[in-house]
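K.L.:
What shape does this take:
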Amino acid sequence: MNNDIERILIDEKELSGIIADIAAKIDRDYSERVKNGKKLLLLCILKGSVVFMGDLMKTIETPVEIDFMKVSSYGGGSKTSGAVNIILDIHRTDLGNCDILVIEDIIDSGRTLSYLCEYLRLKGANSVKTCTLLDKPSRREVDFTPDYTGKVIPDEFVVGFGLDYDEKYRALPYVGILKRSVYDK
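P.N.:
Numbering: from 1, shown residues only. Alright, predicted model coming up:
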């Protein structure tokens, strides 16, 4: 798999630093809210965000709960379909007491998270904010800015640290740029 990587964009050491920085900001913003009775719910968007969320939740000092949703705007491969599909929904009766922090691996068009944030507000969440490891604002198709961003990256096809191409490369311990010859066939 390493032979399919054009170059490493973010190595393990930088990833650890990014996660520590985001965790400190989350602690700063949510610790008092949790002390005052609100629940901080990290909502992982499967599958790509699971590695990022796992490391992030171990670094956050504020008590958190976790849950999962599977939401897709990809029809497979490297192109987005534009339609947002909820494959696995969140089912909780206490959303009114939850400050939801949606954890995403990467934001491209912004359509999925924009839709998801409105959906969670309509379901009754106390608040909804977003946290992404990677952001590609050059690909944005809707007006959307994440609340917490690990790193802004160029418009390259990236894999590793949970991000995949055709269900491969997720277990790489870094974020790398995939060679165009792998996905542009």
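K.L.:
contacts and neighbour counts: CA atoms only from here.
P.N.:
Noted.
K.L.:
give the contact list for Leu95.
P.N.:
123-126 (C-alpha atoms under 8 Å, 6 or more residues apart in numbering).
K.L.:
quick one: strands adjacent to the helix or strand encompassing Phe68?
P.N.:
Per DSSP states H and E: Phe68 is located in strand 65-74. Sheet pairing for strand 65-74, assigned by DSSP bridges, gives strand 39-46 (parallel), strand 80-88 (antiparallel).
K.L.:
For Gly110, which of those strands is the nearest?
P.N.:
strand 80-88 (10.1 Å; C-alpha to C-alpha).
K.L.:
for the record, mean pLDDT for the closest one?
P.N.:
In this model, strand 80-88 has a mean pLDDT of 79.
K.L.:
Which other helices and strands does the following helix or strand past it contact?
P.N.:
Following strand 80-88 in sequence order, the next helix or strand is strand 98-107 (DSSP H and E). Other helices and strands packing on strand 98-107, by 3 or more C-alpha pairs under 8 Å, 6 or more residues apart in numbering; DSSP states H and E, are strand 39-46, strand 127-135.
K.L.:
Tell me the first helix or strand C-terminal of the last one.
P.N.:
Read it as strand 127-135. Scanning forward in sequence from strand 127-135 by DSSP H and E, the next helix or strand is strand 148-152.
K.L.:
quick check: angle from that next one to strand 127-135?
P.N.:
Using axes from the mean of the first three to the mean of the last three C-alpha atoms, to 10 degrees, the inter-axis angle of strand 148-152 relative to strand 127-135 is 10 degrees.
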